[in-house]
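1. Build me a structure from this.
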Amino acid sequence: MANLIIVCGPQAVGKMTVAESIRDKIKYNLMTNHDSIEISDRIFGFATPAQKELNVIFREKVFELAVKHDIDLLFTYVCAFEMAEEKEYLTGLEKLFTSNGGNFYFVELYSDLEIRLQRNETPYRMQRKASKRDVEWSRADLLSTAQKHKLNTDKDEFWFKNHMKIDNSRLEPDTVADMVIREFKLAVRDRAEKEYRFGV
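-> Coordinates of the predicted model:
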């Protein structure tokens, strides 16, 4: 029975590093939002119709296989909370995992814009996300998206039963990961390293 943990929040809030820390602590598999983006970009080009379609198919197949093979999964995601289709998508994922006997956890991160702009240019982010290496474009995209979309829920707004909000402006990823594990009482899986972080 596979569990799904979604680590959600605006660009450069720290989703990837938090998710990686959770992965290493409890031995879940991890798909970042950029795993599918970077692969589909390389094959079909940036933001082309074929790229967008492959990005969707890639993610859907990963979720399907995780459920089929009982693999606990982490997924990082940027959500435009004002859009009804976003809630439909996320509740669909919740239903997919819980209807098959698993659990669904939603971790929402938020940080000051200034801190996010600093994190947007860290060497580790550049290394892991090729599309962010054009720093001028990436900065403009971050600012534009922040203006255009609601990237965090309101203070008293919770979409899910297991919905945790963390201001990680001044917290290390390992600290945030420990908070998540403690809040949701997540157990460490008995797995070999190559099963959940092969090649990392």
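2. switch to C-alpha atoms for all contacts and neighbour counts from now on
-> Fine.
3. Counting residues, name the longest strand you see in this structure.
-> strand 104-110 (DSSP state E).
4. what's near enough to touch the closest residue to Ile166 other than its chain neighbours?
-> Nearest non-adjacent residue to Ile166, counting by CA to CA, 6 or more residues apart in numbering: Leu109, 5.0 Å away. Leu109 makes contacts with Val7, Cys8, Gly9, Pro10, Val13, Gly14, Lys15, Asn152, Lys165, Ile166, Asp167, Asn168, as judged by CA atoms under 8 Å, 6 or more residues apart in numbering.
5. Just name the closest of those residues to Trp137, please.
-> Taking CA to CA as the measure, Trp137 lies nearest Pro10 of the contacts of Leu109, at 16.2 Å.
6. What are the boundaries of the helices in this structure?
-> Assigned by DSSP state H, the helices in the chain fall at 15-26, 33-44, 49-68, 84-98, 113-119, 123-128, 135-148, 173-184, 193-197.
7. Now do the buried residues in the longest one.
-> Buried residues in helix 49-68, counting neighbours by 16 or more other CA atoms under 10 Å, are found at Gln51, Lys52, Leu54, Asn55, Arg59, Phe63, Ala66, Val67.
8. Looking at the residues you listed, point me to the pair that's furthest apart.
-> The span of the buried residues of helix 49-68, defined through CA to CA, is set by Gln51 and Val67 at 24.8 Å.
9. Just the closest of the buried residues of helix 49-68 to Asn29, please.
-> Distances from Asn29 to the buried residues of helix 49-68, taken by CA to CA, are shortest for Ala66, at 9.1 Å.
10. rewinding a little: how far off helix 84-98 does the longest strand of the chain point, in degrees?
-> Put simply, strand 104-110 runs at 140 degrees to helix 84-98, going by axes from the mean of the first three to the mean of the last three CA atoms, to 10 degrees.
11. Strand 104-110 - what's its average pLDDT?
-> On average, the pLDDT along strand 104-110 is 98.
12. Same check on stretch 122-134?
-> Mean per-residue pLDDT for stretch 122-134: 74.
13. Now do stretch 57-64: distance to the chain's middle.
-> From the chain centre to the centre of stretch 57-64 is a distance of 14 Å (CA atoms, centre = their mean, to the nearest Å).
14. Could you tell me the model confidence score at Ser138?
-> With respect to pLDDT, Ser138 scores 89.
15. which intervals of this protein have sub-threshold pLDDT?
-> By pLDDT under 70, the weakly predicted segments of the chain are 126, 129.
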